[in-house]
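Visitor: next comes the sequence, and after it the predicted model I'd like to discuss.
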Amino acid sequence: MMKNRVGTIIGCLLILVWCLLPVAWIISLSFKSEAAITNGSPGFFPADGGGAGWDNYVAVWDNEQFRRAIFNSIGISLIATLLSVIVATLAAYAIARLEFRGKKAVLTIALAIAMFPVVSLVGPLFDMWRAIGLYDTWPGLIIPYMSFTLPLAIWTLSAFFREIPWELEQAAQVDGATSWQAFRKVIVPLAAPGVFTAAILTFFFAWNDFVFGISLTSTENARPIPASLSFFVGADPFNRPASLLAAGAVIATIPIIVIVLIFQRKIVAGLTSGAVKG
Amino acid sequence: MSAVAAPAKRRSGMSERARAENRLGQKLVAPAIVLMLLVTAFPMLRAIYLSTFDYALTAPEERQFIGLSNYLTALTDPLFWQTTGVTVLYMVVTVTIELVIGFIFAMVMHRVVFARGVIRTSILVPYGIITVVSGFAWQFAFSFQNGFVNGWLPFVGDDFNWFGQTGSAVVAIMVSEIWKTTPFMSLLLLAGLAQVSDDMIEAAKVDGATWTQRLTKVILPNMRAAIMVAVLFRALDAYRIFDNIFVMTSGAVRTESISFLTYRQTIEQFQLGMGSALSVLLFLSVLVVAFLIVRLFRVDLAQARQG
Amino acid sequence: MAAITMNHIVKQYGDGFPAVNDISIDVADGEFMILVGPSGCGKSTLLRMIVGLEDITSGDMMIGDRRVNDLAPRDRNLAMVFQNYALYPHLTVYENIAFPLRLAKTPEAELDKLVRDASATLELDEHLDRKPGNLSGGQRQRVAMGRAIVRQSDAFLFDEPLSNLDAKLRGQMRTEIARLQKRLGITTVYVTHDQTEAMTLGDRVAVLKRGILQQLATPRELYENPGNLFVAGFIGSPPMNFLPATVKGSTVELPFGSVEIPAERAERAAGRGLLIAGIRPEHFEDASLASDSVRTGSTFSAKVDAVEWLGNETYAYLPFEAPAEVRAQLEQLEKDLDGEGLRTQLVVSLDGSSRIAEGQDAEIWVDGRRIHLFDPSTGENLTVDHEHAGRILGAEVNSGKA
């Protein structure tokens, strides 16, 4: 028993180190001064005199391109999430609740698309988007984000919807509710947490995307944050401004950390139900 | 005749109601289907079409039909096979290591009573972080100029350049990939672990099974479905590896994956014809990998979907 | 408050399978009616047709003097307790009970009073602010009842409400439901597969099998005068024994010996060849303890295979061989009753003071007056007392199939 406990505690520490060490590292890096980076500053923490305080953050925030990228990412990800979840909710409701021909086909298509190599679409999409004027625009990213988050959202949601005791809808009708009242007062409150979880996962996907971000944009017009970070070169193209990038990376990570902190439980439930059961 | 069974029966019957339900169901899934196909099936068909041309965006007027020549060129080029080999290496090594570490993490999370929330929150941090950020963090960590890895590893010289040759650069890329995706793996395995009933493990204890026997003869066989689904998802994901390579080496020193090669042909060199051919080949190779995994491990996809 | 009249109700599914086949039941105002039968007999479907959750293929469903076939559930003014209680997990106990009143836009003051009355009746006062997820099975059950009684509905419908509770709680809630129904005097239809609930709760009981009404009678009538083999086997615990029998004069030949039966009964079964005799376990007794009544019964001797002593009584098991013609019928009956077709054996219930032991040959007395004789091909009870058997329907419809 004692041995088990010790093992578990060591395991917990291991997990914590695993998960948080690189995060601590990038935060530490973001406080190294640019001069220290140029001269070389090995070591986990900023060396004495090599610290930069908030300078890197101020510099990144003052960068017009970076601010635009953050704005693009938030806007594009939110819109894609909203639309994707609406479309996925309709489909998942049908899959969980209704009998209809082609249900298997929907699930198969969703599964196939979840495994689709995104890069192989980039070429033709690049070509098509240029032809119809969607290249380097918000909709040009929102549309592929929706398509590729739909499978995840549909699975997660239909797994959640299957768990709803639909008998309650009938109970409400016997209690005197119209179909609409039964839906609004009983089903919506029960389904809302699932929809919300699907939205979080969808948002993560859109926020994380890189391939579409670098391929379907060319300017800060629509370029999202991951693409912008990777193209951020700085003054010396042969020596990347590591500490500036680190500061940018930390800023780009803050929304994710906040969401994780608040909705930890929902995300875990959504990930596992969506992938194992959904 | 329980109340639960009744709605199921109602579905099979009531032809008028069933027909209405059929129509409604199809109407509700239609937008999702259209969207998913619009961005995949249609471009894929276009890729197949474009792949039969010698077509560069830089010289669109010189576009001409060349049949399967692009495929022939790609398949006879050692570069294609070399990138495929590297890609398979990425996939096999990362998935194997992730499976082992992910399982250990899942066991720990399954057991832990105190600080459950803290552990689960921190496990979600790598999952949520942008891959590009993970790539940067590890690139700088491995950098001999500004990183800490060389200083911490006793058997590596302080001025060792990890990105100077293929072997070490591949290791660095794998570390970033493994760090970021192990949590996802461990959460899937945790869900599988939760489905193994404690009764069964206790019964095995009473029957005299050692810890290892309980693991190999009771726990793992009962988690089979979860493990297989996790492996399938992660393997296909790893086969498409792109972000980390782009950020950490830009494909230098032969660290290029097949996705990266395709991207470079299409977007950077504007070779739409050749790029499309590579797209089709990438797509086909993903299908082959998926097929092999399903066959090799006899993954029950129906189970994956229905739970 | 209203009577419920079911007139030739049929429920047919798309594949033509009739889940409910031409059932007519009239539930009087204030009556406690039980629908009972093994799983798949159509009892829940029938209940759901009353409340409006299933469409009625043909026939008339009347509540009071309104034909409700085409009314939505909310317009029928019925209250229902579901098998899994169907409590709204996102609402507190208070709001769960108040739900129907809120839908009816009841003024706040009146609503509060009604909810508190209901909760007092059901002793839920201390749980009003909790969510259903934190309640025990019995408490959830009471909340479901609270939601039913809080409104002035025309009738209560119960769909196997006690099947998710453990045995002890089930007994308590059974009494509770009976008491509540008597006090409110409200028309009630109650679905169950448990014959004990059927016997103890119902004013009248409708026994169903595969969508067909078998017999509609009071519990006592069902017990004493089952209309056919199915009802006889379904009502009573431990169940009635079925033995191959032939009638000669006024004696019945059973595997263990001959038993004298009343001449009037023997007459009705005369000349029909091989029959099935039905004898309830409690109509046997240890011959040494039954000396007073011996003059009206017969005794026989048989080998006792197993004995279960319960203190107040003893069950003894006596194996016997059944001829093939009868065995097929008995196996079918077992299947209809959701049972396992095990060995053919006689179960007798003896007084607790009996000293009969396993492996012994025992002298057993049987009460010949209580023996029922059934036609093996139709299942019809030949010795039924029609004046005290309510309405018997199953036999003639069954005859074709059996």
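Guide: Cool, the structure landed.

Visitor: C:Gln360 touches C:Val304, doesn't it?
Guide: Yes. Contact criterion Cβ atoms under 8 Å: C:Gln360 and C:Val304 qualify, at 5.4 Å. (C-beta placed from N, C-alpha, C; glycine too.)

Visitor: ok now the longest helix anywhere in chain B, how far from the chain's centre?
Guide: For chain B, the longest helix by residue count, based on DSSP state H, is helix B:15-50. Distance of helix B:15-50 from its chain centroid, counting by Cα atoms, centre = their mean, to the nearest Å, is 25 Å.

Visitor: likewise for stretch B:232-250?
Guide: 8 Å.

Visitor: gap between the two ends of it?
Guide: From its first residue to its last, stretch B:232-250 covers 27 Å (Cα to Cα, to the nearest Å).

Visitor: quickly find the element holding the one residue sitting closest to the centre of chain B.
Guide: The centroid of chain B falls nearest to B:Asp237 when counting by Cα atoms, centre = their mean (1.5 Å). Counting by DSSP states H and E, the element that carries B:Asp237 is helix B:224-239.

Visitor: let me know the average pLDDT across the helix or strand just after that helix.
Guide: Going down the chain from helix B:224-239, the next helix or strand is helix B:243-248, by DSSP H and E. Across helix B:243-248, pLDDT averages out at 91.

Visitor: thinking again about what came up before, the more surrounded of C:Gln360 and C:Val304?
Guide: C:Val304 (20 against 14; other Cβ atoms under 10 Å in any protein chain shown).

Visitor: show the contacting residues for the more buried one.
Guide: For C:Val304, the contacting residues are C:Ala316, C:Tyr317, C:Leu318, C:Ile356, C:Ala357, C:Glu358, C:Gly359, C:Gln360, C:Asp361, C:Ala362, by Cβ atoms under 8 Å, 6 or more residues apart in numbering or on different chains.

Visitor: backbone phi and psi for it, please?
Guide: phi -90, psi 130 (degrees, to the nearest 10).

Visitor: and the helices in the stretch 1-150 of chain B?
Guide: Taking DSSP state H, counting those that start in this stretch as the test, the helices found in the stretch 1-150 of chain B are B:5-12, B:15-50, B:69-76, B:78-111, B:116-128, B:131-142, B:149-152.

Visitor: please disregard the earlier target; I meant the stretch 251-400 of chain C.
Guide: Counting by DSSP H, counting those that start in this stretch, the helices of the stretch 251-400 of chain C are C:263-269, C:324-336, C:394-399.

Visitor: can you redo those helices as JSON lines with distance to B:Asn150?
Guide: Below are the helices of the stretch 251-400 of chain C laid out as JSON lines (distance: least, Cβ to Cβ, whole Å):
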{"stretch": "helix C:263-269", "distance to B:Asn150": "102"}
{"stretch": "helix C:324-336", "distance to B:Asn150": "77"}
{"stretch": "helix C:394-399", "distance to B:Asn150": "89"}
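
Visitor: so which of the ones you listed is the most surrounded?
Guide: Most buried of those, by mean neighbour count (mean count of other Cβ atoms under 10 Å in any protein chain shown): helix C:394-399, with a mean of 18.

Visitor: quick check: the nearest residue to the residue nearest to the centre of chain B once chain neighbours are set aside vs A:Phe210, distance?
Guide: For B:Asp237, ignoring the flanking residues on the chain, the nearest one in space by Cβ to Cβ, 6 or more residues apart in numbering or on different chains is B:Thr181 at 7.1 Å. Per Cβ to Cβ, to the nearest Å, B:Thr181 is found 14 Å from A:Phe210.

Visitor: picking up where we left off before, now the longest helix of chain B against helix B:69-76, angle please.
Guide: 80 degrees (axes from the mean of the first three to the mean of the last three Cα atoms, to 10 degrees).

Visitor: what helices or strands is helix B:15-50 leaning on?
Guide: helix A:64-97, helix A:103-114, helix A:119-132, helix A:138-163, helix B:5-12, helix B:272-297 (3 or more Cβ pairs under 8 Å, 6 or more residues apart in numbering or on different chains; DSSP states H and E).

Visitor: what about B:Val132, distance to A:Ile267?
Guide: Distance from B:Val132 to A:Ile267, counting by Cβ to Cβ: 21 Å.

Visitor: same check on A:Thr202?
Guide: 12 Å.

Visitor: between these two, which is the more surrounded one?
Guide: A:Thr202 (27 against 22).

Visitor: quick check: residues of chain C near chain A?
Guide: Contacts of chain C with chain A, taken as Cβ under 8 Å from any Cβ of the partner chain, map to C:51-53, C:72-74, C:77-80, C:82, C:84, C:86, C:88-90, C:99-100, C:103-104, C:147, C:151.

Visitor: please apply the same query to the stretch 201-307 of chain B.
Guide: Within the stretch 201-307 of chain B, the positions lying close to chain A (Cβ under 8 Å from any Cβ) are B:225-226, B:229-230, B:233, B:236, B:239-240, B:242-243, B:246-247, B:259-260, B:262-263, B:265-267, B:272, B:275-276, B:278-280, B:282-283, B:286, B:290, B:301, B:304-307.

Visitor: out of those residues, which are buried?
Guide: B:225-226, B:229-230, B:233, B:236, B:239-240, B:242-243, B:246-247, B:259-260, B:262-263, B:265-267, B:272, B:275-276, B:278-280, B:282-283, B:286, B:290, B:304-305 (16 or more other Cβ atoms under 10 Å in any protein chain shown).

Visitor: that older thread, buried subset of the residues of chain C next to chain A, written for PyMOL?
Guide: Buried residues among these (16+ other Cβ under 10 Å), as a PyMOL selection:
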select buried, chain C and resi 51+52+53+73+74+77+78+79+80+82+84+86+88+90+99+100+103+147+151
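
Visitor: now for the chain, the helix or strand with the poorest mean pLDDT.
Guide: Because you didn't say which chain, this covers chain A. helix A:34-39 (a mean of 76; mean pLDDT, DSSP states H and E).

Visitor: between the helices of the stretch 251-400 of chain C, which one is closest to C:Arg174.
Guide: Nearest to C:Arg174 among those is helix C:324-336 (25.3 Å), distances taken as Cβ to Cβ.

Visitor: now the residue nearest to the centre of chain B: how far from B:Val289?
Guide: Counting by Cβ to Cβ, the gap from B:Asp237 to B:Val289 is 11 Å.

Visitor: return every residue with contacts to both of those two.
Guide: By Cβ under 8 Å, 6+ apart, no residue touches both B:Asp237 and B:Val289.

Visitor: what pLDDT does residue 148 get?
Guide: I'll assume chain A. So, for A:Phe148, pLDDT stands at 89.

Visitor: could you do chain C instead?
Guide: C:Ala148 is given a pLDDT of 90.

Visitor: work out the gap between the host helix or strand of it and the centre of the chain.
Guide: Using DSSP H and E, C:Ala148 sits in helix C:137-149. Distance of helix C:137-149 from the chain centroid (Cα atoms, centre = their mean) equals 23 Å.

Visitor: what helices or strands is that helix leaning on?
Guide: Applying 3+ Cβ pairs under 8 Å, 6+ apart, we find helix C:137-149 packed against strand C:78-81, helix C:93-103, helix C:108-121, helix C:167-184.

Visitor: list the buried ones in the last one?
Guide: Buried residues in helix C:167-184, defined by neighbour count with 16+ other Cβ under 10 Å: C:Leu169, C:Arg170, C:Met173, C:Arg174, C:Glu176, C:Ile177, C:Ala178, C:Leu180, C:Gln181.

Visitor: how far away is C:Ser250 from chain A?
Guide: Per Cβ to the nearest Cβ, to the nearest Å, C:Ser250 is found 56 Å from chain A.

Visitor: got the contact list for that residue?
Guide: Contacts of C:Ser250 (Cβ under 8 Å, 6+ apart): C:Glu260, C:Ile261, C:Pro262, C:Ala263, C:Ala266.

Visitor: in a markdown table: these, plus pLDDT.
Guide: Putting the contacts of C:Ser250 into a markdown table (pLDDT from 0 to 100) gives the following:
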| residue | pLDDT |
| --- | --- |
| C:Glu260 | 86 |
| C:Ile261 | 87 |
| C:Pro262 | 87 |
| C:Ala263 | 86 |
| C:Ala266 | 86 |
